[in-house]
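Student: Give the three-dimensional model of this entry:
(chains A and B)
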Amino acid sequence: MLRYLIRRVLYAVPILVGVSLITFILFYGVVPPRQIARRNLSAKNPTPEQIQDWLVAHGYDKPMPEQFKKHMTELFLLRFGRSDSTGEDIAARIRAGAGPSFLIASLIFASALVTQLFMALWAAYFRGTYVDAWITFLCVVSMSVVFIVFVIVGQYLLGNLMRFFPLAGYQSGLSAFRFAFLPAVVGVAAGLGSGTRLYRTFLLEEVNQDYVRTARAKGVPEARILFRHVLKNAAIPIITSTVLAIPSLMLGSLVLESFFGIPGLGSYTYDAINSQDFAVVRAMVFLGTLLYIAGTILTDVCYALADPRIRLE
Amino acid sequence: MLSGWLLNIIPLAIVAALVTAVRRASRKPLWAEAIRRLKGNRVALIALAVIGLYGTVAFCDSIAWRDDRNAPLLSLVDRVFGRPQESTYSAPLAIRTFGEPMPRPLLGKHWLGTDGTGQDVVYMTLKGCRTAMIIGGFTLLIATPLALFFGMLAGYHGKTVDDAIQYTYTVLDSIPNILLLVALLMVLGRGLPQLCVALGITSWVSLCRLARGETLKHRGREYVRAARALGVSHSRIMMRHILPNLLPVVVIATTLSFSGLVLSEAILSYLQLGVAAGTGSWGNMIDASRLELARQPVIWWNLAAASTALFVLVLAFNVFGDALRDAIDPRLRS
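Tutor: Numbering: from 1, shown residues only, chains lettered A, B, ... in the order given. Next comes the predicted model:
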């Protein structure tokens, strides 16, 4: 296991080199630092001196090869430097925002997985009947609604009409859950359709297997077959598809956090987009990739835990 | 700037290309069979009709001409649905403006009211059709050839070529899509072409992986080996022998990804990275109506019109894509 993990981490290195190469090309090649300076300086027509001062202040004044070396080494040491627009330490902001983001993302991830699986099992239990047909149809319908509309309408319906949970904002500590509730409900509702449909397909693939027929023949109740026999065997594709949830969690944090005013990584990125803060976006792209790769490695470990036939060597 | 008549040729050419493609395909047995199956599926036909309707609106919005040299360039949609601009919000079918202490009489009749800048909502919603169609269509026009070229190259040649192409798309794929889009659009700037390019860069990867896998499958088949034995060149094998066999899978994948592209436009508009504010788009309308539900009394018509228009198009593409998959490849039927 350990050897496998080390190998997977080593495999990730060339990928990360590629990612930081892409960010370098984008943020230094396609948009040269002088242009970044011009976009960030508030003056309409900044003088060359002003631009030069800005470049020196933000460490963009060195020749390209040196910039490249700095870019690559700093990313790998997770030293993200300072924000282009405010001059704040990016790493400090990331540490501060990680808590709220993690709370919301993990809340959404866990409750989404449970509700989607439950709905999928329900559809699979009633397969071929009108219940199944309706669930599948509703899945396609909810997949066709934009995430933003879920957020806007969800906040309106749940917050304004029920007046139970705060509309927006955040407090740390235990009351954080109160503020995380609304975004979490919206996030789960938005992902329900696609997840249910996918898991239903996985479950239905297992339903026609021989072991299910055997279980039915020896008189195991249908619900028990689904929950005990089928669910366990469908675990591998389900685990695979949870990796797909990671990017959508990031999208969720980007939109939900900024909409509900939660001071996490998502709203930090959102603010960075609006203030043309290239240094922050660069850091977020790298951090997001790191998290995603970590997620894929974690899934592979979960394979081995779920299925003893899979050996990680 | 392109002159008026030249701009009108582009939509005509696109429609002509689509019609010839479908007509030529219907002569091939595989596609004729698929079309026959589709014709038996009433829901799919309704979905196709809805897509056709949106396409027609987009087409009519693309045909534009000037009345005289100094007049603004007006499309068919502008001419039919254009309404005088009011000063501010007005409710559907209202005769006075909305939410002002002294409501003023309106200049015209607005079926779905007007938005904050006084634009007719029906007109703005119709303008969004063209933007959505361009985003879906042009992005796929960028992504599909790119994906097919590199996917087939990787699958057919293997070895170093395969490794290089796989490495490239693995790197791109390991950046979460939304973050890559944000980075690309911040660098490229706001605008319709930039949006298509950025979405193209993020969406070619999955298609490329698919094309590579399919090519690998076909490379070992007898017909390819026979062609090789007859001395057919590599490029000809790829273009004339393997490509037609990839097309069914590619058509299914592109149809199903169309709706995702239209949806991402709305999300990117929320992040202020969508098309420019002047271009009518559903994403911009939804973004503008973000705070309207919080007002008293509620302003719902902007959000409702834009999100319904978007919803119906995406639903139609989802339904049609599923039906197309079932029709082309019955083995995949769920």
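Student: Look at the residue lying farthest from the centre of chain B and give its secondary structure.
Tutor: Distance from the C-alpha centroid of chain B peaks at residue B:102, with 42.8 Å (CA atoms, centre = their mean). The three-state label given to residue B:102 by DSSP: H, G, I helix; E, B strand; the rest coil is coil.
Student: which other helices and strands contact whichever helix in chain A runs longest?
Tutor: Counting by DSSP state H, the longest helix found in chain A is helix A:90-125. On a contact count with 3 or more CB pairs under 8 Å, 6 or more residues apart in numbering or on different chains; DSSP states H and E, helix A:90-125 meets helix A:130-143, helix A:176-207, helix A:235-260, helix A:265-274, helix A:278-306. Bear in mind the C-beta positions are built from the backbone N, C-alpha and C, glycine included.
Student: Pipe those helices into JSON lines and attach mean pLDDT and mean neighbour count per row.
Tutor: Formatted as JSON lines, the helices and strands packed on helix A:90-125 follow (pLDDT from 0 to 100; neighbours: other CB atoms under 10 Å in any protein chain shown):
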{"stretch": "helix A:130-143", "mean pLDDT": "91", "mean neighbour count": "16"}
{"stretch": "helix A:176-207", "mean pLDDT": "88", "mean neighbour count": "21"}
{"stretch": "helix A:235-260", "mean pLDDT": "85", "mean neighbour count": "21"}
{"stretch": "helix A:265-274", "mean pLDDT": "90", "mean neighbour count": "23"}
{"stretch": "helix A:278-306", "mean pLDDT": "87", "mean neighbour count": "20"}
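Student: Distance to residue B:75 added to those helices, as a markdown table?
Tutor: Formatted as a markdown table, the helices and strands packed on helix A:90-125 follow (distance: least, CB to CB, whole Å):
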| stretch | distance to residue B:75 |
| --- | --- |
| helix A:130-143 | 32 |
| helix A:176-207 | 35 |
| helix A:235-260 | 32 |
| helix A:265-274 | 32 |
| helix A:278-306 | 36 |
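Student: Please produce TSV containing those, extended by distance to chain B.
Tutor: Converted to TSV, the helices and strands packed on helix A:90-125 look like this (distance: least, CB to the nearest CB, whole Å):
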stretch	distance to chain B
helix A:130-143	5
helix A:176-207	6
helix A:235-260	4
helix A:265-274	6
helix A:278-306	4
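Student: Looks to me like residue A:61 is in a strand.
Tutor: No - using three-state DSSP, the assignment for residue A:61 is coil, not a strand.
Student: Leaving out chain neighbours, which residue sits closest to it?
Tutor: residue A:55 (4.3 Å; CB to CB, 6 or more residues apart in numbering or on different chains).
Student: Give me the distance between that neighbour and residue A:62.
Tutor: 9 Å (CB to CB, to the nearest Å).
Student: Going along the chain, name the helices of the stretch 51-200 of chain B.
Tutor: Using DSSP state H, counting those that start in this stretch, the helices of the stretch 51-200 of chain B run over B:76-81, B:121-157, B:159-174, B:177-188, B:192-219.
Student: Which of those helices sits closest to chain A?
Tutor: For the helices of the stretch 51-200 of chain B, distance to chain A was read as CB to the nearest CB. The smallest value, 3.4 Å, belongs to helix B:159-174.
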